[in-house]
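> I'd like to go over a predicted model; first the sequence, then the structure.
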Amino acid sequence: MCGIVGALAQRDVSSILLEGLRRLEYRGYDSAGLAIINQQKLERFRALGKVQQLTDRVPLDQAGKIGIAHTRWATHGKPSETNAHPHFSRDRIAVVHNGIIENYREIRENLLAAGYEFASETDTEVIAHLIESYYEDDLYAAVKQAVDQLRGAFSLGIIATGDSPALVACRRGSPLVVGVGIHENFIASDVSALLPVTNRFVYLDEGDFVVLNAEGYALYDSAGKPKELEITVSERTGDSTFKGNYRHFMQKEIHEQARAITDCLVGRIDTTTVLDSIFGSESEAVFTQLQNIQIVACGTSYHAGLVAKYWIEAILGISCQVEVASEFRYRKTVVPKHTLFVTLSQSGETADTLAALRNLSSDNYCGSLSICNVPESPLVRESSLVLMTRAGPEIGVASTKAFTTQLVSMLLLVISIGKLRNLNESRIASIVRELIELPRQIEQLLRLDAQIELIAEDFIDKQHALFLGRGEHYPIAMEGALKLKEISYIHAEAYPAGELKHGPLALVDSEMPVIVVTPNDELLEKLQSNMQEVKARGGKLYVFAHQGAKLDQSGDDVVVEMDCETSWVTPILSTIPLQLLSYHVAVLRGTDIDQPRNLAKSVTVE
Ligand code: F6R
């Protein structure tokens, strides 16, 4: 979603800002802009489309030692150059904004009555005018007065012309970090934007303000009281935001999965079991008393939760509910006693998931656990227990390695809980062995790449596709369908195979590819009957068949044999060929794979 970068330095900052925006491209956006103060005057460049288009408009020798920049993902007002940030007020104030101002209409009315003219359809422009209405010579004071009137979840970066240049930023529900340099300081919505200029960051708390000026930076809490926060040294390098020899980030991230899973396991298991307290020192008490698990997540992370439900109920015999966060957060729920609340999130800043956590009110919750890929993200900071997935930065909008490491983390959770509740030791050891084997098996499955690339050609002109699965492969079918639709723009639906004849079978004809993953388990026979139903209607089957899954094949079927035995980790393995299929179909259809249209990597608004 929208990205913010800002800088105050002793050197010209336009190239720092543009590089920062380029590194935020993966979050998803539709336009970009930059404002700089040059010789006491605000100068602005904006462009619809990619950061490169903006870069082409900014002179190479653009001067200015203080500036803000933004990638916009439209919420209020269509994607256009005039709606792109930064927004100005009376050529004195420039504002970039992530998030949504809920009460912008009434503020706009008041500002119109006070004689302000609006140039855009955005909610952001009211902020610029409101700050301007209070601004004399203290930018922080004006920003504070304005922010106190705003409702919503947002973060802001503001610069103003005046005698003593300053950049003010604040965080209210949308992430913001301060990058600390040597005689230069920065702000950004994501550390990755600033990795070329610093590895020292201050993570603002909710409601905080920061003022960057010639002397350094100063922090204030929401009441305006000066405060201090620790500087965190990031171990991330700028390199993780480069594709290397891969054509797309998504492709790189698919191929990184064996490594990502190894990283997720290192130091957390030995050869027979999961080590103690990997979920934190308080986890033992929580895991011993829990009687129910509630998982909340969005999108791909929600699918990981759905798979985990099968594991939790089958292996632990503990009841588990899974719900999308946007529904859960607004629903009156009945919470069984001793419920563990689990959020799954790659980014750790998904607005709905975070709100679900923040809204928990029942005393029946015995703890909150965040399974997340981004340290220092709000979900991680606000949960009582945490396990980092360690997938490494995921840049492609379509989640791949974040999903498989979430699944691995959920199996670690199942074993950790099981250990404290008399789960048979040999059963634990056998799941651990499967986890240890997983990276090697994934490497093997990635060798299907060329075969799947050929199959992808069948999908070039397709408009629709159906994915079928049973048991824990139903959520994997959902994930396969989500991947295909988001990056290839082919309409794809997933169904539990048994539901086919209750409606979706009406859609099946020779134009409808039907994709099935067939584990060699007790549901195979039932799945075979569903596949026959498809064939009898002229549908074409694409089958990803696990070792030993004997199929009633016919000449038309496309069968990809997967060299993997059926086990607890099978859903993780089955994900790999479906990711490859979506990727290759999207390549052939020429879509923007890493930044699919209308989508954002971090969904920080509802
Ligand atoms: C799809 C995808 C999204 C995210 C969803 C939740 O490939 O990436 O569906 O899974 O937006 O995001 P996180 O996991 O960051 O909470």
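That came in fine, so what should we check first? Numbers count the residues shown, from 1 in each chain.

> and the gap between Tyr489 and the ligand?
14 Å (Cβ to the nearest ligand atom, to the nearest Å). C-beta coordinates here come from the backbone N, C-alpha and C atoms, glycine included.

> hang on, isn't that residue packed against Arg589?
Yes. Using Cβ atoms under 8 Å, Tyr489 is in contact with Arg589, at 7.2 Å.

> residues touching Leu357, list them.
By Cβ atoms under 8 Å, 6 or more residues apart in numbering, the contact list for Leu357 reads 296, 341, 343, 368, 370, 379, 382-383.

> The strand or helix carrying it: which residues count as buried?
Secondary structure assignment for Leu357, by DSSP states H and E: helix 351-358. Within helix 351-358, the residues that count as buried by 16 or more other Cβ atoms under 10 Å are 351-357.

> Stretch 493-502 too?
Quick answer for stretch 493-502 (16+ other Cβ under 10 Å): 493-497, 500.

> now, among those, which is nearest to the ligand?
Ala494 (13.6 Å; Cβ to the nearest ligand atom).

> Adjacent strands (with direction) for the regular element (helix or strand) spanning that closest one?
Following DSSP H and E, one finds Ala494 within strand 491-496. Using DSSP bridges, the strands paired with strand 491-496 are strand 464-469 (parallel).

> got the CA coordinates for the partner strand in CSV?
Below are the C-alpha coordinates for strand 464-469, written out as CSV (Å, rounded to 0.1, in the frame of the first residue of the first chain):
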residue,chain,number,x,y,z
HIS,A,464,-11.7,-19.2,-15.7
ALA,A,465,-10.3,-22.1,-13.7
LEU,A,466,-11.5,-24.4,-11.0
PHE,A,467,-9.3,-25.8,-8.2
LEU,A,468,-10.5,-28.8,-6.2
GLY,A,469,-9.2,-30.3,-3.0
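
> Check which helices and strands the helix or strand that it is followed by sits against.
Reading on from strand 464-469 to the C-terminus, the next helix or strand found by DSSP H and E is helix 473-488. Judged by 3 or more Cβ pairs under 8 Å, 6 or more residues apart in numbering; DSSP states H and E, the packing partners of helix 473-488 are helix 299-311, strand 464-469, strand 491-496, strand 513-518, helix 570-589.

> weakest of those in terms of mean pLDDT?
When the helices and strands packed on helix 473-488 are ranked by mean pLDDT, strand 513-518 comes last with a mean of 91.

> so what secondary structure elements neighbour that strand?
Using 3+ Cβ pairs under 8 Å, 6+ apart: strand 513-518 touches strand 464-469, helix 473-488, helix 524-536, strand 540-546, helix 570-589.

> Report the angle between that strand and helix 570-589.
Relative orientation of strand 513-518 and helix 570-589, computed by axes from the mean of the first three to the mean of the last three Cα atoms, to 10 degrees: 160 degrees.

> just the angle between strand 513-518 and helix 473-488, please?
Angle, strand 513-518 to helix 473-488, by the same axes, to 10 degrees: 140 degrees.

> Pairing partners for strand 513-518, with directions?
The pairing partners recorded for strand 513-518 under DSSP bridges are strand 464-469 (parallel), strand 540-546 (parallel).

> Of the ones you listed, which stretch is the most buried?
strand 464-469 (a mean of 25; mean count of other Cβ atoms under 10 Å).

> Other residues contacting it?
Against strand 464-469 from outside (Cβ under 8 Å, 6+ apart): 459, 475-478, 480-481, 484, 490-497, 500, 504, 507-508, 511-517, 527, 530-531, 534, 539, 578.

> distance between it and the chain's centre?
Strand 464-469 has its C-alpha centroid displaced from the chain centroid by 24 Å (Cα atoms, centre = their mean, to the nearest Å).

> and what of stretch 6-18?
Worked out by Cα atoms, centre = their mean, stretch 6-18 lies 27 Å from the chain centre.

> In terms of helices and strands, where is Ser370?
strand 365-372.

> Taking the buried residues of stretch 493-502, tell me the two that lie furthest apart.
The two members of the buried residues of stretch 493-502 with the most space between them (Cβ to Cβ) are Glu493 and Ala497, at 12.6 Å.

> can you tell me which residues contact the closest residue to the ligand within the stretch 201-350 of the chain?
Residue nearest to the ligand within the stretch 201-350 of the chain: Gly299 (1.9 Å; Cβ to the nearest ligand atom). Residues near Gly299 by Cβ under 8 Å, 6+ apart: 399, 482.

> give me the number of residues near the closest residue to Ile487 other than its chain neighbours?
Once flanking residues are discounted, Ile487 sits nearest to Ala586: 4.1 Å by Cβ to Cβ, 6 or more residues apart in numbering. Residues contacting Ala586 under the criterion other Cβ atoms under 10 Å number 26.

> Now the terminal residues of stretch 317-329, how far apart.
For stretch 317-329, the first-to-last residue distance is 26 Å (Cα to Cα, to the nearest Å).

> From the chain's centroid, how far away is that stretch?
Centre-to-centre, stretch 317-329 and its host chain are 19 Å apart (Cα atoms, centre = their mean).
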